[in-house]
Every structure is written in structure tokens, then in C-alpha cells.
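Chemist: I need the structure of the sequence given here:
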Amino acid sequence: MGIDFNQQSGKVISPSKLAHVVLRTNNFERMVQYYKDFLGGTTVYENGFIAFLTYDDEHHRIAIASVPGTADKNTKSCGLEHIAFSFDSLSDLLLAYRQRKSKGIEPVWPVNHGPTTSIYYRDPDGNMIETQVDNFENPDDATDFMRSENFAENPVGTDFDPEDFIARLEKGVPEKELHKRVEIGPRGFPDFA
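Modeler: A predicted model of the protein is given here:
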């Protein structure tokens, strides 16, 4: 028995995964090099106007296209706010931060959202990139936190200093302790403009 392709009511079938993101640019060479450095990635294919990059088992995760007539990004317009990449541990997230920093890639916002500890960056075109690690061992615990009074009071998060976290880890503080968000009360988004 096959799939009933006439079934149109109810929940739409969900994709199996997010495959890739394509970025339009007027700054092609710089963007390609930035994402290779940022992701520790490689180029699968590149010519003078399009590049396909990967860092894992997918044939490409990021494509960068130089499209004629592309204007500079307006950071105040509607559109995609950021893309996010996950790490398996806080130590991995912080090591990647240090490795990026050694290449001149500085973060714009380190924040513990509660469900995740995240470090945000801005690429050469002004697109935001989040790198994150889950703070809970399972998604249900993260969902419970997002339904808590603390999250309702502050759904944005609490800033942290990655260098302080590295120093604390080097002194033997367990990662689990650093995953706990410091509660600071109500807070809005920072102004990244």
C-alpha cells in the first residue's frame, strides 16, 4: 500500500532535516573565505559567482552566490535574523570561539538563552550567525524551561564572557554548572545596528 497523495487535511508532513542555506552577496571572495574559516569547512564546488561549502557529511550546507545588482544589507529590514550551528559540548563551542578569534573573527554577542548557551557573530555582509550548545540533556527539559516563569520574564537571556567561561573550565568547574543561566530579570534584545 502506497502513500495517499490526496490526503490534504491535518498537519503537513515535516521535512526530515534542514539541508542548506544560500546567501546572496556582493562580496563573493570575502564571504567564501569567511565561511570556510568560520565553519572549518571545505569548498565542494566554486567558480567566479557561486560556491558550495560543507563541513560535515552533507554535500553542501552553505552556498554563496554573487548575484548582479545585489545591494548592501539593510540591517533594519525584515528577513532572516540568523542561522545557527550546534556543538556537542560547551568546551567545543568555546574552543571554536578561540580558534575563530585567532583568525580575527570576533563575536558580537555571547549569551546564555537558557535552553542554549550561544555565541553570535556577524559575517562580512552583516548576516548574523549563532553557534550554540544545548544546556539540557534532553529536549523535554529545555521545553520545560521555556515554559517556566524565569523564561517568561526573560526570553532573551543573560550575557556571559567566553574568556571567563574558559578560565573557569580550566580551573575544573564542570560544564554542567556553566550551563545554568544566571537570572537577571526582564531584558530585551540588544541593538546590533
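
Chemist: what pLDDT does residue 80 get?
Modeler: If you check residue 80, the pLDDT there is 89.

Chemist: what does residue 102 give?
Modeler: Note on residue 102: pLDDT of 96.

Chemist: distance of it from residue 109?
Modeler: Distance, residue 102 to residue 109, by CB to CB, to the nearest Å: 20 Å. (C-beta placed from N, C-alpha, C; glycine too.)

Chemist: of the two, who's got more company?
Modeler: More crowded of residue 102 and residue 109, by other CB atoms under 10 Å: residue 109, with 16 against 8.

Chemist: In a helix, residue 150, correct?
Modeler: Yes. Secondary structure assignment places residue 150 in a helix (DSSP: H, G, I helix; E, B strand; the rest coil).

Chemist: what residues are up against it?
Modeler: 114, 181, 183 (CB atoms under 8 Å, 6 or more residues apart in numbering).

Chemist: right, and the helix or strand after the one helix or strand residue 44 maps to?
Modeler: Per DSSP states H and E, residue 44 falls inside strand 42-46. Downstream of strand 42-46, the first helix or strand assigned by DSSP H and E is strand 50-54.

Chemist: For that following strand, buried residues please.
Modeler: Residues 51, 52, 53, 54 are the ones in strand 50-54 that count as buried (16 or more other CB atoms under 10 Å).

Chemist: want to throw these into CSV with pLDDT and distance to residue 44?
Modeler: Formatted as CSV, the buried residues of strand 50-54 follow (pLDDT from 0 to 100; distance: CB to CB, whole Å):
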residue, pLDDT, distance to residue 44
51, 98, 8
52, 98, 4
53, 98, 7
54, 97, 6
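
Chemist: just the residues you listed now: which is nearest residue 118?
Modeler: Within the buried residues of strand 50-54, the smallest distance to residue 118 is 21.7 Å, found for residue 53 (CB to CB).

Chemist: That closest one and residue 35 touch, don't they?
Modeler: Yes. Applying CB atoms under 8 Å as the test, residue 53 and residue 35 come out as touching, 5.5 Å apart.

Chemist: where exactly do the strands run in this protein?
Modeler: With strands called from DSSP state E, the chain shows them at 21-25, 42-46, 50-54, 62-66, 82-87, 109-112, 116-122, 128-134, 158-159.
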